[in-house]
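[1] I would like to see how this sequence folds:
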Amino acid sequence: MSQLIVVKNENGIVLAAENQVLQLDEEGKEITFQINRLLPLTAHSALLTAGSAEGVEMGNTLKRFIQEEGLKDVQDIHEASLAFLSSEYERFMTKKCELLPLDPIHQVSFILAGKSEKDPLQPFRLYYLWTKKKLPRLDADEISLAFSLPRRMGLEYQLNKISSAKGSVAEMLAGVKTGMERLKEKEEISFPVSYATITMSGYQVA
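    Below is the predicted model of the structure:
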């Protein structure tokens, strides 16, 4: 599984995604290739995809939908995204399982990040959209501070400390990059990593 890392506090959000995908070819053999897993949705929101490469296509379809609907606030985007992506995911799973047996490699999950105007005390939000209960249904959990996929509890602990101490976005970004570099040194990740931040100024590639 490609590595995703996110962390937030009242200063902003830091996002990181290893751009790797593990897929099955038509003969059922595993293949690995590079894909962009970090997608800006609006000026103040973004989507990270985990799992099957089709998640990126779903994200691009979601982006067009959000733009057509004129959604800006991440809380509104979250509500729309859960219903929209659930429908897209069910369509994908139905089509995929006509060709291959159901396998965890087909699963897709998402992390939605962005800014909300509805709560001045918590302007930045993170949501994890995943198959919590039963395939192919998507459920959502709000992420409080730091989160990683696959889970890296030691790294999350360090990032939580920076976040809770009201660290700047630059400090959180440095912590995320250090964590990714350590994973690369251990050869637990190998593909290029995309970094981005979301602040009051908007989404920016880091």
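[2] secondary structure class for the spatially most central residue of the chain?
    Relative to the mean C-alpha position of the chain, the nearest C-alpha, by CA atoms, centre = their mean, is the one of L48, at 2.6 Å. Of the three states, L48 takes strand according to DSSP: H, G, I helix; E, B strand; the rest coil.
[3] So what sits opposite it in the bridge?
    Beta-bridge pairing for L48 (DSSP bridges): L38, I111.
[4] can you tell me which residues contact it?
    L4, V6, L15, A17, R37, L38, L39, F110, I111, A113 (CB atoms under 8 Å, 6 or more residues apart in numbering). C-beta: built from backbone N, CA, C; applies to glycine.
[5] wait, which of these is closest to W130?
    Nearest to W130 among the contacts of L48: F110, at 7.5 Å, using CB to CB.
[6] For that closest one, report the pLDDT, please.
    What the model reports as pLDDT for F110 is 95.
[7] could you pull out the helices for this structure?
    With helices called from DSSP state H, the chain shows them at 54-69, 74-99, 153-164, 169-185.
[8] Distance of L138 relative to A46?
    18 Å (CB to CB, to the nearest Å).
[9] And Y195, by the same measure?
    Y195 is 11 Å from A46, by CB to CB.
[10] Report how many residues lie close to A146.
    As a burial measure, A146 scores 27 neighbours (other CB atoms under 10 Å).
[11] Does it touch G167 like I think?
    No: using CB atoms under 8 Å, A146 is not in contact with G167, being 11.1 Å away.
[12] Report the two of the contacts of L48 separated the most.
    V6 and L39 (13.6 Å).
[13] ok, what's across the strand from N9?
    Bridge pairing for N9 - DSSP bridges - gives G12.
[14] And S190, how close does it get to E10?
    The value you get for S190 to E10, if CB to CB is used, is 34 Å.
[15] same question, K63
    26 Å.
[16] Show me which of the two is the more surrounded one.
    More crowded of K63 and E10, by other CB under 10 Å: K63, with 17 against 11.
[17] The more buried one contacts L41, doesn't it?
    Yes: between K63 and L41 there is a contact under CB under 8 Å: 5.1 Å.
[18] Listing request: residues of this structure with sub-threshold pLDDT.
    22-28, 95-106, 133-137 (pLDDT under 70).
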